[in-house]
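Q: Turn this into a structure:
(one chain, ligands or ions: 2)
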Amino acid sequence: MTTFRPIDNLDPGQRLLVRIDVNAAVEDGTVQDSRRFARHAETIRELLANDHAIAVLAHQGRPGEDTFVSLAEHAELLADHLDHPVAFVSDTCGEDALSAIDDLEPGDVLCLENVRMRDGELPEEEPATKAETDLVRTLAPEFDAYVGDAYSAAHRSHASIVGFPHVMDAYAGRVMEQEYTAITAIRDRSFDGPVTMVLGGTKAEDAIPIVEQLDDTVDRFCLGGVVGELFLRADGYAVGYDVADSSLFDHQWDNHRDDLERSLEAYRDRLYLPTDLAFEDDDGERVEVAVEGTTKERPFLDVGTETANRYADIVVNSAAVFVKGSLGVFEDERFADGTVTVLAAIAEADCFSVVGGGDTARAVERYDLDEGDFSRITIAGGAYVRALTGDPLVGVDELDSEN
Ligand SMILES: Nc1ncnc2c1ncn2[C@@H]1O[C@H](COP(=O)(O)OP(=O)(O)O)[C@@H](O)[C@H]1O
Ligand SMILES: O=C(OP(=O)(O)O)[C@H](O)COP(=O)(O)O
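A: Numbers count the residues shown, from 1 in each chain. Ligands and ions are numbered 1, 2, ... in the order given. Predicted coordinates for the structure are as follows:
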């Protein structure tokens, strides 16, 4: 069990570096609001009430992706949630950032630029190595303490997650504390009946190992999204290939082909794969096709109606359901059916339920589902499923006051 140092232990009026996770969807070039902003604003509001001067550190997307953009809009969204100004500097640890940090007064909030735009943040390395990066060596001396609030990125051994707490006085923010406590309690629960995981989304690299690691806990996996298509590809179907400018499939296939094939062979009886998929035809209409009738040239954007109904039946007959990742591109109403059908079935069912993922959790309010019909909606995705396996999260471990 981790013992955090809570922010209550901070003397008022400190200069704080606060790591949050507002990694967001970007639709038509616009950063989308989400629960992540609202939840982290609560931590920052509490810190402001104690006259701290705050610099916020966060990431957005991954280098090379369309969603790898500046945090300028994130600063505005955070300011809206806080109802308090949030300054933005388009620099992370260069002269402009240091000057803006120098100017910080008690009660100020400054958002630094996307930390993944800075060398040293990536790749994943040991905390001691990340602590030696220019990023950490430059910023750490500017602050009295570090506040780790980014539970949803705590599975990444990146400089802003593990490097700073390795060398600074470090505290856990409210989101970190609450998510850790809730998910640890969920991990330790036992259920009187079948446990189902709905596993979708784009980050197959986070999802694939989960099947093996949760084999004592989860009885049935309902697969969809990019994850489901990669399992179908492993099963010999003409699905799960990059088409046109997509880069979601082939590199994940190349890196995880063996894992996909091994899981499929070992756990076939508990893996439920889509039997039909939906795509956009030349007229922009949703069209469904059985997986046997697919061709490699077609990008699929949702599971089909037969699959969605089958998964809905499975979740209704479960004692607990864990959702990580969506079954399709729910941001487009034409391709939301799979995700919404299954979420609605969970909401109506008499089961314990957790919906996770920065993107996936947004489907709940977007399609007018009632948050109260789910046991918990977590803003973490990969971190939450990793935590369910019992594996430690590096970013949590670095905040453990007994380490
Ligand atoms: N077949 C698909 N093709 C492309 N994107 C997909 C597909 N299915 C789901 N998605 C996308 O997956 C995203 C959620 O995936 P991911 O980021 O892995 O999950 P989360 O952030 O919820 O943990 C959604 O925004 C959705 O648009
Ligand atoms: O959005 C995140 O994770 P999630 O999609 O698993 O919820 C975190 O910000 C981690 O981002 P990353 O998966 O690019 O390291």
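Q: who's in contact with the closest residue to residue 327 other than its chain neighbours?
A: Excluding the flanking residues, the one nearest residue 327 by CB to CB, 6 or more residues apart in numbering is residue 224, at 3.2 Å. All C-beta spots, glycine's among them, are computed from the backbone N, C-alpha and C. Taking CB atoms under 8 Å, 6 or more residues apart in numbering, we find residue 224 in contact with 198-200, 274, 303, 307, 311, 325-328, 338-339.
Q: Now for these: which two are most distant?
A: 307 and 325 (14.9 Å; CB to CB).
Q: What parts of the stretch 1-150 of the chain come near ligand 2?
A: Contacts of the stretch 1-150 of the chain with ligand 2, taken as CB under 6 Å from any ligand atom, map to 21, 23, 62.
Q: If we use 5 Å, what do you get?
A: 21, 23 (CB under 5 Å from any ligand atom).
Q: which residues of the stretch 1-150 of the chain fall in helices?
A: Shown for the stretch 1-150 of the chain, the helices assigned by DSSP state H, counting those that start in this stretch span residues 35-48, 72-82, 95-102, 127-130, 134-139.
Q: These into a markdown table, with extra columns for distance to residue 316?
A: Putting the helices of the stretch 1-150 of the chain into a markdown table (distance: least, CB to CB, whole Å) gives the following:
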| stretch | distance to residue 316 |
| --- | --- |
| helix 35-48 | 26 |
| helix 72-82 | 35 |
| helix 95-102 | 52 |
| helix 127-130 | 44 |
| helix 134-139 | 48 |
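Q: Format the ones you listed as TSV; extra columns: distance to ligand 1.
A: TSV is the format used below for the helices of the stretch 1-150 of the chain (distance: least, CB to the nearest ligand atom, whole Å):
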stretch	distance to ligand 1
helix 35-48	10
helix 72-82	16
helix 95-102	28
helix 127-130	23
helix 134-139	25
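Q: could the ones you listed be laid out in a markdown table, adding mean pLDDT, mean neighbour count and distance to residue 239?
A: Formatted as a markdown table, the helices of the stretch 1-150 of the chain follow (pLDDT from 0 to 100; neighbours: other CB atoms under 10 Å; distance: least, CB to CB, whole Å):
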| stretch | mean pLDDT | mean neighbour count | distance to residue 239 |
| --- | --- | --- | --- |
| helix 35-48 | 98 | 20 | 31 |
| helix 72-82 | 98 | 19 | 35 |
| helix 95-102 | 98 | 14 | 45 |
| helix 127-130 | 98 | 19 | 38 |
| helix 134-139 | 98 | 20 | 40 |
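Q: Quick one: closest of those to residue 148.
A: helix 35-48 (10.3 Å).
Q: what's the offset of the closest one from the middle of its chain?
A: Between the centre of helix 35-48 and the centre of its chain there are 17 Å (CA atoms, centre = their mean, to the nearest Å).
Q: pLDDT below threshold where in this structure?
A: For the chain, no stretch has pLDDT under 70.
Q: Where is the longest helix in it?
A: Looking across the chain with DSSP state H, the single longest helix is helix 250-267.
Q: And that one, how far out from the chain middle?
A: Using CA atoms, centre = their mean, the mean C-alpha position of helix 250-267 is found 22 Å from that of the whole chain.
Q: Establish whether that helix and ligand 2 are in contact.
A: No. Judged by CB under 5 Å from any ligand atom, helix 250-267 and ligand 2 are separated, with a smallest distance of 12.5 Å.
Q: What lies in contact with that helix?
A: 204-205, 208-209, 211-212, 215, 221, 226, 230-231, 233-235, 240-242, 271.
Q: CA atoms only: put that helix into PDB for me.
A: This file holds the C-alpha atoms of helix 250-267, laid out as PDB (Å, rounded to 0.1, in the frame of the first residue of the first chain):
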ATOM      1  CA  ASP A 250       0.600  -1.900 -38.600                       C
ATOM      2  CA  HIS A 251       3.200  -0.800 -36.100                       C
ATOM      3  CA  GLN A 252       1.100  -2.200 -33.200                       C
ATOM      4  CA  TRP A 253       0.800  -5.400 -35.200                       C
ATOM      5  CA  ASP A 254       4.500  -5.600 -35.800                       C
ATOM      6  CA  ASN A 255       5.300  -5.000 -32.200                       C
ATOM      7  CA  HIS A 256       2.600  -7.300 -30.700                       C
ATOM      8  CA  ARG A 257       1.900 -10.000 -33.300                       C
ATOM      9  CA  ASP A 258       3.300 -12.700 -31.100                       C
ATOM     10  CA  ASP A 259       1.400 -11.600 -28.000                       C
ATOM     11  CA  LEU A 260      -1.900 -11.400 -30.000                       C
ATOM     12  CA  GLU A 261      -1.500 -14.800 -31.400                       C
ATOM     13  CA  ARG A 262      -0.400 -16.300 -28.100                       C
ATOM     14  CA  SER A 263      -3.400 -14.700 -26.200                       C
ATOM     15  CA  LEU A 264      -5.800 -15.900 -28.900                       C
ATOM     16  CA  GLU A 265      -4.600 -19.400 -28.600                       C
ATOM     17  CA  ALA A 266      -4.500 -19.500 -24.800                       C
ATOM     18  CA  TYR A 267      -7.700 -17.600 -24.100                       C
END
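Q: contacting residues for the closest residue to residue 136 other than its chain neighbours?
A: Nearest residue to residue 136, sequence neighbours excluded (CB to CB, 6+ apart): residue 163, at 4.1 Å. Neighbour list for residue 163: 127, 130, 131, 132, 133, 135, 136 [criterion: CB under 8 Å, 6+ apart].
Q: Shouldn't residue 163 be within a helix?
A: Yes. The assignment for residue 163 is a helix, going by DSSP: H, G, I helix; E, B strand; the rest coil.
Q: And it, how close does it get to residue 132?
A: Residue 163 sits 8 Å away from residue 132, going by CB to CB, to the nearest Å.
Q: Now do the contacts for the closest residue to residue 318 other than its chain neighbours.
A: The shortest distance from residue 318 to any non-neighbouring residue, by CB to CB, 6+ apart, is to residue 196 (4.2 Å). Going by CB under 8 Å, 6+ apart, residue 196 touches 218, 219, 220, 221, 222, 314, 315, 318, 320, 321, 322.
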